[in-house]
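[1] Build me a structure from this.
(2 chains)
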Amino acid sequence: MISVERPARASRDSRYPESAPIVPLTAATTAMGGRLVVHLDARADDERANRDARRALARIGRWADRLSRHREQSELTALNADARGLVPVGPTLAAALWAAQEAARDSEGLVDITLLDARLAAEGLTCAEIAGEAPRIWSLASGPRRTAVVSRPAGVRFDLGGVAKGWLADRALGLLSGWPGAVVDADGDLALRCRAGATWAVAVDDPRTDGATLAILHLSAPAAGWSAQWGVATSGTSIHRWRRGAIVGHHLIDPRTGAPARTDVVQATVVCGSALRAEALAKTAVIAGSRDGLALLERAGVKGAVILTESGETLALPQTLSLLAG
Amino acid sequence: MARPSPSRSPGMPGRPGEPVQGAGARPDPTRMRLALGVGGIAALSALITAIAVPPTPLVATLVNTPTEPPLVSQQRPITYVQLTPGQTPPPGATVIDAKAPKPITIVTKVPAPAQRTVVVRTTQSGKVIP
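    Numbers count the residues shown, from 1 in each chain, chains lettered A, B, ... in the order given. All right, here's what the predicted structure looks like:
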């Protein structure tokens, strides 16, 4: 179900400064076990904004259904159930798998979608032997009409997780190319476009307190120029978390150990050019830990990063300050 | 032998106080010749100097006051030597692990969020927003 709301506001009032944060029209639904929201910087033509937002959500919802490991009829479930070493996949899953390879490169190998069984083992949902030391190297070859053929060792199963959410956010923003100001929120991973002279104010959630804000990022496009585009994503260990006996686990598996990452980072938020990349790098920063993670983010040339550590310290790369200052 | 002075036209009045020369008198050229000769020698000297001595750029002379140190910046090049297994670094050398990440600046004083209108929120996946 898609809900649309239009908050009461006076942001289009001529007295309202152009650089003030946008208060948009919002449409929301659920997909891949989380929220899927479209915000449009809509002016008087709300009718068109409503229609476009609903259309984008419906289409992205269909794509998300194909990529979810939780749905029995999804393309990903079919791939994971297929015993063959070479499996042809449709265009949507192929595009998401290409994105996963890009994420693996960006993260210097720390984002690995072949860790489904390791995660299930960490949760106690499957036996640890399945998630053993078997090789997980896989590849993708282009097929006709944007399809592809997946090659992987027997038994390797995929979990697209955050990769799919980042990819979906970017694709949805592409569907809304007629709107110079738009945001797609795929369960916390954001793809944003800002019209010239406007600002999106993005709150970074504080995981320690419900409803609290750790920082606010101000993403602005220069008044004399083109619209600008970003990806913002947050990853962390404090939501998908469990306890098995004395051991506390979480869902971010370190591919180097096959177990939940031992890290001092509770949450990492990254700003860069796309939601896919932001998601991959945020997850990487958590898995790598604050020292190595920040160094990797610096090498990756991100536009901003805010990290909350176990000791309660909030760390940021210097380039983040201009975003925080608004 | 002195040459006769240029003559003034007959009947032309002289300046007041100037002795009137007789017909056929001409001005004495000695002073003019002397001036031209000295000028020529000076020009030749300048030309020879310019040819013999290559031009040097204009240099502003810096005078240091006794309280200020000389404005000299000296940069010491750092030489990196990759040690092969078994080699030891020379005494006093700084040893850097080749695999160590590049030092980066990290800001720890993140400004508190300002109270501004916010509708977009980035969260960890699965976070329920009321």
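
[2] what sits up against stretch A:221-229?
    A:18-19, A:173, A:180-181, A:191-198, A:219-220, A:273-274 (C-beta atoms under 8 Å, 6 or more residues apart in numbering or on different chains). Quick note: C-beta positions are derived from backbone N, CA and C, even for glycine.

[3] okay, now A:G245: neighbour count?
    Using other C-beta atoms under 10 Å in any protein chain shown, A:G245 is surrounded by 6 other residues.

[4] Out of the contacts of stretch A:221-229, which end up buried?
    By neighbour count, with 16 or more other C-beta atoms under 10 Å in any protein chain shown, the contacts of stretch A:221-229 hold A:173, A:180-181, A:191-196, A:198, A:219-220, A:273-274 as buried.

[5] any chance of these in TSV, with distance to chain B and pLDDT too?
    Shown next, in TSV, are the buried ones among the contacts of stretch A:221-229 (distance: C-beta to the nearest C-beta, whole Å; pLDDT from 0 to 100):
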residue	distance to chain B	pLDDT
A:L173	13	96
A:P180	16	91
A:G181	11	92
A:A191	11	97
A:L192	7	96
A:R193	12	95
A:C194	11	93
A:R195	15	89
A:A196	18	90
A:A198	13	88
A:L219	9	93
A:S220	12	90
A:G273	15	96
A:S274	14	97
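
[6] Of the residues you listed, which belong to helices?
    A:L173 (DSSP state H).

[7] could the buried ones among the contacts of stretch A:221-229 go into TSV alongside distance to B:M32?
    Shown next, in TSV, are the buried ones among the contacts of stretch A:221-229 (distance: C-beta to C-beta, whole Å):
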residue	distance to B:M32
A:L173	92
A:P180	86
A:G181	88
A:A191	92
A:L192	89
A:R193	87
A:C194	85
A:R195	84
A:A196	79
A:A198	84
A:L219	85
A:S220	81
A:G273	84
A:S274	89
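
[8] Out of the buried ones among the contacts of stretch A:221-229, flag the one nearest to A:I307.
    A:L219 (18.5 Å; C-beta to C-beta).

[9] Look up the closest residue to the closest one, ignoring the ones flanking it.
    A:W200 (4.7 Å; C-beta to C-beta, 6 or more residues apart in numbering or on different chains).

[10] Go ahead and confirm the one you found touches A:L192.
    Yes. Using C-beta atoms under 8 Å, A:W200 is in contact with A:L192, at 5.4 Å.

[11] where do the contact lists of these two overlap?
    With C-beta under 8 Å, 6+ apart as the test, A:W200 and A:L192 both reach A:V183, A:L219, B:V120.

[12] among those residues, which are in strands?
    Among the shared contacts of A:W200 and A:L192, the ones falling in strands (DSSP state E) are A:V183, A:L219, B:V120.

[13] pLDDT below threshold where in the chain?
    This is for chain A. A:1-23, A:43-45, A:127-135, A:326 (pLDDT under 70).

[14] um, chain B though
    In chain B (pLDDT under 70), the answer is B:1-25, B:49-80, B:100-105, B:109, B:114-118, B:130.

[15] To what extent is the nearest residue to A:W138 once chain neighbours are set aside buried, counted in neighbours?
    Closest residue in space to A:W138, ignoring its immediate chain neighbours: A:R152 at 3.7 Å, by C-beta to C-beta, 6+ apart. By other C-beta under 10 Å, 21 other residues sit near A:R152.
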